[in-house]
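Trainee: Predicted model, plus sequence, below.
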Amino acid sequence: MICKNCNAEISETANYCPYCGFRTTPKLEEAETKKQQNLPSAKIPGKISLLIGFLSVIISLIPINKTLIVSGIILGLLVLIFTVIESIKHKHKLSTITIIVAAIGLASNISWLLFITYVL
Ligand SMILES: [Zn+2]
């Protein structure tokens with residue numbers, strides 16, 4: 001590559017220009033920037049799954065019919081599975097709020113389904 005400071009031809013792997021001492025680590029800096037840019041986007045799926053978890057809870061509060069309750073169960077299950085997989089994949093802390101919300105939605109929807117199927 002070419003040194004940005006003195007335009008001398010230098011090794012691709014050199015961190016510093018041997019002629020003028022200018023720091024030449026663009027690749028490393030690029031990787032750092034990409035890492036930082038990836039951080040906010042990694043939080044978006046977490047927010048979406050939290051929203052879907054809430055949706056599952058809301059469905060369980062207004063159990064209109066079996067189809068809606070079943071979709072509430074599926075949503076709660078999906079959120080639980082997705083949250084666990086994401087936390088393993090990205091090695092970040094498990095989102096406790098999302099897990100709790102999804103678990104509440106899942107449990108109350110299952111209760112409604114059992115109630116509708118066996119009691120009514
Ligand atoms: Zn140089």
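Mentor: Structure's in. What do you need?

Trainee: ok, now which ones touch T83?
Mentor: G46, S49, L94, S95, T98, I99, A102 (C-beta atoms under 8 Å, 6 or more residues apart in numbering). Any C-beta I mention is one placed from the backbone N, CA and C, and that applies to glycine too.

Trainee: Pick out whichever of the residues you listed sits closest to V119.
Mentor: Using C-beta to C-beta, A102 is the member of the contacts of T83 that sits closest to V119, with 24.9 Å.

Trainee: out of the contacts of T83, who has the most neighbours?
Mentor: Among these, A102 has the most neighbours (other C-beta atoms under 10 Å), with 28 neighbours.

Trainee: re earlier: rebuild the contacts of T83 as TSV, extending it with distance to the ion.
Mentor: Below are the contacts of T83 laid out as TSV (distance: C-beta to the ion, whole Å):
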residue	distance to the ion
G46	45
S49	49
L94	48
S95	48
T98	51
I99	53
A102	56
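
Trainee: Just give me the least confident of the residues you listed.
Mentor: Lowest pLDDT of these: L94, 69.

Trainee: of all the residues in this structure, which ones are close to the ion?
Mentor: Residues of the chain lying near the ion by C-beta under 5 Å from the ion: C3, N5, C6, A8, C17, Y19, C20, F22.

Trainee: how about the strands in the protein?
Mentor: Counting by DSSP state E, the chain has no strands to list.

Trainee: low-scoring stretches of it, by residue?
Mentor: 25-44, 63, 94 (pLDDT under 70).

Trainee: hmm, what's the outermost residue in it?
Mentor: Distance from the centre of the chain peaks at Y19, with 45.6 Å (C-alpha atoms, centre = their mean).
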